[in-house]
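Trainee: here's my sequence, what's the structure:
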Amino acid sequence: MAVAGPSRTVEDDPGSPAPGQAAPTITSPSSDSRNTMDFDPGDQGVPGPVLSDASMANNLLPQPVPVEQPYEFKTEFHPCSGRETLYQRFEEFSVTPETQTLPAEEEPWCPFQSRGDFEFSEIALDAALNKNQVDRLLSLMARISQGQAQITLKNEADLRKALDNAVAELTPFSKHEVKVPYKKEEWVYEVHVRPLWDWVLDLLDNPLLAPHFVWDAQHVYKHNGTDFERFFNEPWTGDRWWDIQSRLPPDLNAAPFCFILYADKTRLSSHGTVKGHPVVARCANLPVEIRNGEGIGGGRVVGWLPIVPEDASEEGKLGYTTLKRVVWHESFVKLLVNLDQYSKTGYSYACYDNILRWLFPVILILSGDYEEQCMMSLIRGVQCKCPCPVCLVPLNELHDLSKTFPIRSAKDAQAALDVYKHNQTQGEEVLKGLGLRPVANVLWLIENSDPHEALSLDDLHTVHGGMGGVHLLGELKTILADLGCEAKDKFEKQIAEFPRWRTLTHFTTVIHITFSDGNKRQDLVKQAFYAALSVLKCQVSSEGYHLLWVIRSYLHLDSLIGLNVHTERTLAMIDAKFLVYDIALKAYVEYATMSSSIEDIKTDWNFPKTHLWKHARWDIELKGVARNFSTRPNEKLHGPLKSAYLSRSNGKDVAKQILRIDHHKCAALLLRGRVDTLDEQHCLQALGDAGLDDEDHNHINYNGHFKLGSPQSCDTIQDIENRLGAQDTAFQGFHRKFSDFVNVSLPMYGYQLTRWTTIPVDFQIHEYRYLKLNYESTVVETRVSAGAYLHISHLFTTHDNWPSMHNLHHHPYATSIMSLAIPHITRSFPAKCAISALPSHTMHSIPARVPCALSRA
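Mentor: Next up, the predicted model:
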């Protein structure tokens, strides 16, 4: 039997070729056989129809014989299949045979409990919703099903219309054209802006933000037991705010409205061909929790600057480089509409405290990476005679941190530009000596806004993503590569075994991987120092030993600069540590130059990132602590802009589409603040003040000093010993160990025992895997919330480098980590360091995964 088509089979016949033979050719019958055909009379005994002579004549004519077409396709199957060769005609080949339809499943969405659950999961996966978004959406759907909420939107068009109505309260973006002459032609660029003062009025008119504005400069002090010592935190505690307010008209109730402005180019597309240049504004008059937060009082995109395209034929030419500066400043001035006037005359506004104030806009802080700071200050860049945007350090002195150089000023820059306008040859020499471009800076239009004073340390790119994460870490890799595979392997193992704690990125490999994220580089340098201590010993590598001294000083400086409250004493510590760092770096450079045989070791440290963080102390004294001028909060805004481009734009008219989405988000934040306020008032009315708790309901609050969270199931002490003792030796004899711990520890904590306390086998223990300890700063008089955290995660506790508490004090990192720790007001102390500080009998008594709360059955 051979298969002749998709839905039929035919008997084998002699005419069918055997496997491996050619298909037969079927020819039409010859003319000699036309009148010799057999005739089938049909059914016997049935009278035939009466035929006329004409019809009978026609029936006597020969009938055509159907001609079989040759087989056009041949399919040979593997011999093991047991199937014969298949011959098919054109109309039969690749035609799927008809099959019987199988009955559909009654519940094809299983294992989901319902079809709706499955369809929701599809939407969540397609939209890449995170955990918080999924929880919020499910909560909304639950409230809708219970009749507590209602949705009237029917489609995306309704949603867009509602958002467009919501943004009516906010200042919209507007598009402008910037025309710049270049090579006898007029080049036109588009800039999108939301005028800064219009954004200010949006903030001032918001009743949720009004109570939080701070208008007056402050000098704050804390008594240290001997005398009052000044400390710095918010921008209004710095000297610059004080000096600006001193220059305002004395006969008016005048106060500065201080801007923090950030600008930076960012890649929108994954391949980097589509870029954006957002400008972000923040209000320095608001507290840092609001100012650096993600709510309506946080940073907002207020501008989208044009990007002059790279041109290989023009790149590097003085005229084209100057063109980029001119386009930037001519575009930026569109943001400053009315600001130049109000910075001189003031703007009368009745504030929340019913006091009529004259507000004077001031650009207090300019934030950006080095490239953007060169654009803001109009210096010539890395290779100019004075490549620092803040001071006049010569190019060949960038490596020497022991020297101090004059600070730049807007007046000096304006005077040099005036010389250039009168005599270009003479003016060019003056400008070159200062490292400046022959372009007028639009920031000069705003009173009390010297750009060189406003420019601030960018710790993310200069320190963590530059000096430490690129140069020092790069030197470490170079030295390890020279030592060979054994040293590199030992170093990588130390990195992989580094203890884990909250907010620290964990790495498993370092040598053959690079990161562009400054936050990861910051964490990596910290861990690399400790991992290299046992590898780069003095007798093994003199270069490595000298480098470790540099990294050690770098980490000390980084920790000090990053403090969230500074005192006069900590600022003096920064000065002293810079001298130590300078000595260590010079010693390393001298050894690398004179004695090292490593080919690629760095000997030239004359580049801006070596020098720029020398101004950290000056910035802190003028503008408060580093988080006031860090680029970190602003860099976070790049993510939503990229997501808007990738997910919600068609790649055309990019700026308009992205800014519309951002504008919608601003409107949603505005309404969210109002909704949360309403919910809070309703909750107060229903429960009273005592019924509110801003913490998770799964957390247990003990007198406000510590909280337990992440509750697990409640088990008896005997069940815990039986269940976990077979898996972890620390839990063997847990009942006895716990009894000993209670009887030994309670007297130490002031609970006197008259007899030995026996713990029954049915004693219940409730396990919690999250512990937060709250404390108040003893450095400042104001209440600064801080906390230490211990979160026992399954991901970490199952890892090899998460030791049980009873052997933690033998862990190789415990002492090293504690030795580096510098008192920090708001940074969390590593959880494992906190554990290692416990009494030794506690470590030997209780496993690391011990439950944190106890209760009687």
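Trainee: okay, the residue lying closest to residue 458 once chain neighbours are set aside: pLDDT?
Mentor: Residue nearest to residue 458 in three dimensions, not counting chain neighbours: residue 631, with 5.1 Å by C-beta to C-beta, 6 or more residues apart in numbering. Every residue, glycine included, has its C-beta placed from N, CA and C. For residue 631, the model assigns a pLDDT of 96.
Trainee: phi, psi of residue 631?
Mentor: The phi/psi pair for residue 631 (degrees, to the nearest 10) reads phi -80, psi -10.
Trainee: wait, what's in contact with residue 525?
Mentor: Contacts here follow C-beta atoms under 8 Å, 6 or more residues apart in numbering; on that basis residue 525 touches 464, 468, 469, 472, 473, 551, 554, 555.
Trainee: one step back: what number of residues lie near the residue nearest to residue 458?
Mentor: 23 (other C-beta atoms under 10 Å).
Trainee: can you list contacts of stretch 252-259?
Mentor: By C-beta under 8 Å, 6+ apart, stretch 252-259 touches 196, 200, 215-216, 235, 241, 244-245, 248, 281-285, 346-347, 355-365, 448.
Trainee: using neighbour counts, pick out the buried residues of it.
Mentor: 254, 255, 256, 257, 258, 259 (16 or more other C-beta atoms under 10 Å).
Trainee: which element, helix or strand, includes the fifth one?
Mentor: Meaning residue 258. Counting by DSSP states H and E, the element that carries residue 258 is strand 254-263.
Trainee: residues touching residue 226, list them.
Mentor: Contacts of residue 226 by C-beta under 8 Å, 6+ apart: none found.
Trainee: regarding it, what is its secondary structure?
Mentor: Three-state call for residue 226 (DSSP: H, G, I helix; E, B strand; the rest coil): coil.
Trainee: do you know how far it is from residue 555?
Mentor: From residue 226 across to residue 555, the span is 30 Å (C-beta to C-beta, to the nearest Å).
Trainee: report the central residue of this protein.
Mentor: residue 636 (5.6 Å; C-alpha atoms, centre = their mean).
Trainee: still on that earlier bit, pLDDT added to the contacts of residue 525, as JSON lines?
Mentor: Formatted as JSON lines, these follow (pLDDT from 0 to 100):
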{"residue": "464", "pLDDT": "95"}
{"residue": "468", "pLDDT": "95"}
{"residue": "469", "pLDDT": "94"}
{"residue": "472", "pLDDT": "96"}
{"residue": "473", "pLDDT": "95"}
{"residue": "551", "pLDDT": "97"}
{"residue": "554", "pLDDT": "97"}
{"residue": "555", "pLDDT": "97"}
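Trainee: pick the one among those residues closest to residue 271.
Mentor: The shortest gap between residue 271 and any of those belongs to residue 469, at 24.2 Å (C-beta to C-beta).
Trainee: burial of the closest one, as a residue count?
Mentor: 26.
Trainee: can I assume it is in contact with residue 521?
Mentor: Yes. With contact defined as C-beta atoms under 8 Å, residue 469 counts as touching residue 521 (2.5 Å).
Trainee: quick one: common contacting residues for the two?
Mentor: residue 515.
Trainee: and the top helix by length along the chain, what does it pack against?
Mentor: What stands out as the longest helix in the chain, according to DSSP state H, is helix 654-687. If you count contacts as 3 or more C-beta pairs under 8 Å, 6 or more residues apart in numbering; DSSP states H and E, helix 654-687 packs onto helix 156-166, strand 185-193, strand 275-276, strand 300-304, helix 638-648.
Trainee: list the contacts of the next helix or strand after the first one.
Mentor: Sequence-wise, the next helix or strand beyond helix 156-166 is strand 174-182, with elements assigned using DSSP H and E. Under the criterion C-beta under 8 Å, 6+ apart, residues 186-195, 306, 319-320, 323, 326-327, 330-331, 334, 656 lie in contact with strand 174-182.
Trainee: touching, residue 124 and residue 134? I think so.
Mentor: Yes. The criterion here is C-beta under 8 Å, and residue 124 meets it with residue 134 at 5.5 Å.
Trainee: what about the helices in the stretch 51-200 of the chain?
Mentor: 53-59, 115-126, 131-145, 156-166, 196-204 (DSSP state H, counting those that start in this stretch).
Trainee: and the shortest one, what's its mean pLDDT?
Mentor: In this model, helix 53-59 has an average pLDDT of 49.
Trainee: report the contact partners of residue 454.
Mentor: 363, 364, 365, 366, 443.
Trainee: excluding chain neighbours, what is closest to it?
Mentor: Here the residue nearest residue 454, using C-beta to C-beta, 6+ apart, is residue 366, at 4.2 Å.
Trainee: so which strand or helix has the one you found?
Mentor: strand 356-367.
Trainee: roughly how far out does that strand sit from the chain middle?
Mentor: 30 Å (C-alpha atoms, centre = their mean, to the nearest Å).
Trainee: same check, this time on stretch 271-289
Mentor: With C-alpha atoms, centre = their mean, you get 14 Å for stretch 271-289.
Trainee: what about it, how long is it end to end?
Mentor: Its start and end residues considered, stretch 271-289 measures 35 Å (C-alpha to C-alpha, to the nearest Å).
Trainee: which parts of it are buried?
Mentor: Those would be 276, 277, 278, 279, 280, 281, 282, 283, 284, 285, 286, 288, for stretch 271-289 by 16+ other C-beta under 10 Å.
Trainee: coming back round to it: hang on, the residue nearest to residue 454 packs against residue 455?
Mentor: Yes. Between residue 366 and residue 455 there is a contact under C-beta under 8 Å: 4.9 Å.
Trainee: now do the shared contacts for the two.
Mentor: 373, 376.
Trainee: between the contacts of residue 454, which sits nearest residue 772?
Mentor: Out of those, the member with the shortest distance to residue 772 (by C-beta to C-beta) is residue 365, at 32.3 Å.
Trainee: OK, contacts around the closest one?
Mentor: 235, 258, 259, 260, 261, 284, 454, 456, 623, 628, 629 are the contacts of residue 365 under C-beta under 8 Å, 6+ apart.
Trainee: count of neighbours near the fifth one?
Mentor: In terms of burial, residue 261 registers 24 neighbours under the definition other C-beta under 10 Å.
Trainee: tell me how far it lies from residue 332.
Mentor: 9 Å.
Trainee: can you pull the residues that touch both of these two?
Mentor: In contact with both residue 261 and residue 332: residue 279, using C-beta under 8 Å, 6+ apart.
Trainee: how about the nearest residue to residue 291 once chain neighbours are set aside, phi and psi?
Mentor: Distances taken as C-beta to C-beta, 6+ apart place residue 282 nearest to residue 291, at 5.2 Å, with adjacent residues excluded. Phi and psi for residue 282, reported as degrees, to the nearest 10, are phi -130, psi 150.
Trainee: what's the per-residue pLDDT of residue 282 here?
Mentor: On the pLDDT scale, residue 282 is placed at 97.
Trainee: which stretches of this structure aren't confidently modelled?
Mentor: Residue ranges of the chain with pLDDT under 70: 1-68, 95-102, 687-704, 775-857.
Trainee: show me what residue 283 is bridged to.
Mentor: residue 259 (DSSP bridges).
Trainee: now residue 566. Its backbone dihedrals?
Mentor: The phi/psi pair for residue 566 (degrees, to the nearest 10) is phi -120, psi 140.
Trainee: which stretches in the stretch 451-600 of the chain count as helices?
Mentor: Using DSSP H, counting those that start in this stretch, helices in the stretch 451-600 of the chain cover 451-454, 473-483, 485-496, 518-532, 542-561, 568-594.
Trainee: could you dump the ones you listed to a markdown table with distance to residue 395?
Mentor: What follows is these, written out as a markdown table (distance: least, C-beta to C-beta, whole Å):
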| stretch | distance to residue 395 |
| --- | --- |
| helix 451-454 | 18 |
| helix 473-483 | 22 |
| helix 485-496 | 35 |
| helix 518-532 | 25 |
| helix 542-561 | 22 |
| helix 568-594 | 16 |
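Trainee: nothing else from me, thank you.
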